[in-house]
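In: I'll drop the sequence and a predicted model, then ask my questions.
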Amino acid sequence: MDSHVTAAIQSTGRVAFKGLRPPPPPHMALQDQVAVVTGAVQGIGRAMAEILLRNGAKVALLDVNEAAGKSLKEVLDKQHGPERTLFLSCDVESEEQIRAAFQRTAGALGAVDIVCNNAGVLNEAEWEKTISVNLVAVVRVTYIALEHMNKMSGGRGGVIINTASMAGLFPLLSCPVYTATKYGVVGFTRAMAANSTALGFGIRFNALCPGFVQTDILDNIYERLGQFSQLSAETQVFVDKGVLKTSEVAEGLLELLTNDTKNGEALQVMCSSQKYMKFPVFT
Ligand SMILES: NC(=O)C1=CN([C@@H]2O[C@H](COP(=O)(O)OP(=O)(O)OC[C@H]3O[C@@H](n4cnc5c(N)ncnc54)[C@H](O)[C@@H]3O)[C@@H](O)[C@H]2O)C=CC1
Ligand SMILES: CCCCCC(=O)CC\C=C/C=C/C=C/[C@@H](O)[C@@H](O)CCCC(=O)O
């Protein structure tokens with residue numbers, strides 16, 4: 001039986017039907033934790049911000065899209081109260097803007113406990129931009145986050161979750177550069193996790209690897225694939241097999257945040273299941 005249904009029966013004493021079931025109880029571990037989410041105003045990032053807020057965290061929403069950021073903040077203020085979120089216009093390609101965003105978050109919401117490196121783009125024609133946002137910026141944000149969170153330099157530790165993709169585990173032939181960035185994110189995450197254990201950062205690092213998700217990234221696939229657009233039909237075949245809702249990806253985030261046994265893992269989020277990637281062991 002679905003575990004949410006089981007939980008609903010236990011908490012209400014009656015059978016809850018799918019679609020009518022009450023929301024799961026909040027994870028107390030996230031209560032009043034301070035999270036920074038990049039690419040937070042729409043798509044997967046927005047669903048991440050929403051699940052964090054529902055579970056009691058305070059969230060700094062970082063994004064380049066100022067108009068969408070301001071209107072999302074208005075919506076979230078009504079649901080959770082104005083003191084629970086902060087919208088910060090921030091381009092993750094700018095070290096200066098990231099530093100300012102972390103300072104403002106710490107000042108307004110408190111010391112940062114959680115970072116979700118989620119901002120990403122897919123444009124095989126502008127492939128240098130794709131590497132810059134999807135991989136270089138993940139490293140940049142992570143190193144600035146370490147200055148705030150590393151237990152070895154006065155921080156209090158925490159969790160960093162990087163949004164990779166199934167394309168970081170299995171190559172998507174229509175977008176080789178996007179695939180390379182996501183393999184890079186998985187590799188960086190695993191290396192930082194091992195570093196953290198070796199050097200005592202007190203920070204867990206994990207990668208979230210969704211399959212196709214219903215967001216704007218799936219619009220205009222043909223244009224996004226540039227010289228590989230002839231393969232768009234092949235990619236569309238994969239898309240037609242099933243597309244996730246952003247809320248399903250957010251459930252994967254919750255698992256990685258709250259399961260404190262996980263460090264250096266890549267969680268595959270697919271339509272039929274969630275499972276941890278089994279990596280070969282190097283001896
Ligand atoms: N939609 C999908 O099928 C999948 C998406 N992903 C990954 O999930 C992440 C989120 O993507 P989606 O929600 O699908 O896309 P989306 O396009 O809906 O959202 C991306 C967000 O990132 C922001 N952003 C882009 N460049 C930025 C920058 N330089 N600085 C700050 N913010 C920036 C955008 O303004 C937007 O709000 C990306 O890393 C993507 O690669 C992973 C697997 C599947
Ligand atoms: C061109 C649009 C890209 C959208 C952005 C993404 O990151 C999409 C996700 C990329 C790849 C998805 C692959 C999904 C594969 C699964 O359907 C399955 O074939 C993999 C099964 C692996 C397993 O079960 O071991």
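Out: Everything's here; your move. Residues are numbered from 1 along each chain as shown. Ligands and ions are numbered 1, 2, ... in the order given.

In: ramachandran coordinates for the closest residue to residue 58 other than its chain neighbours?
Out: Sequence neighbours aside, residue 109 is the residue nearest to residue 58 in space, at 4.5 Å (criterion: Cβ to Cβ, 6 or more residues apart in numbering). To be clear about C-beta, it is placed using only N, CA and C from the backbone, and glycine gets the same treatment. Comment: the main-chain dihedrals of residue 109 come out as phi -110, psi -20, following degrees, to the nearest 10.

In: does residue 109 touch residue 57 like I think?
Out: No. Taking contacts as Cβ atoms under 8 Å, residue 109 lies outside contact range of residue 57: 9.4 Å.

In: overlap in contacts, these two.
Out: Shared contacts of residue 109 and residue 57 (Cβ atoms under 8 Å, 6 or more residues apart in numbering): residue 34.

In: how about the secondary structure of residue 207?
Out: strand (DSSP: H, G, I helix; E, B strand; the rest coil).

In: mind listing the residues bridging to it?
Out: Note on residue 207: beta-bridge partners residue 162, residue 266, judged by DSSP bridges.

In: quick one: it from residue 118, how far?
Out: 11 Å (Cβ to Cβ, to the nearest Å).

In: can you list residues touching both of these two?
Out: The contact sets of residue 207 and residue 118 overlap at 162-163 (Cβ under 8 Å, 6+ apart).

In: looking at residue 109 and residue 57, which is more packed in?
Out: Using other Cβ atoms under 10 Å, the more surrounded residue of residue 109 and residue 57 is residue 57, with 26 against 22.

In: identify the residues contacting the more buried one.
Out: Applying Cβ under 8 Å, 6+ apart, one finds that residue 57 lies in contact with 30-35, 114.

In: I'd like these as a markdown table, with neighbour count appended.
Out: What follows is those, written out as a markdown table (neighbours: other Cβ atoms under 10 Å):
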| residue | neighbour count |
| --- | --- |
| 30 | 22 |
| 31 | 11 |
| 32 | 12 |
| 33 | 22 |
| 34 | 22 |
| 35 | 29 |
| 114 | 24 |
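
In: other residues contacting the helix or strand hosting residue 130?
Out: Per DSSP states H and E: residue 130 is located in helix 127-131. Residues outside helix 127-131 that contact it (Cβ under 8 Å, 6+ apart) are 121-124, 177-178, 180-181, 226.

In: check contacts around the residue lying closest to residue 204 once chain neighbours are set aside.
Out: Of all residues not flanking residue 204 in the chain, residue 263 sits nearest, at 4.4 Å (Cβ to Cβ, 6+ apart). Applying Cβ under 8 Å, 6+ apart to residue 263 gives the contacts 193, 196-197, 204-206.
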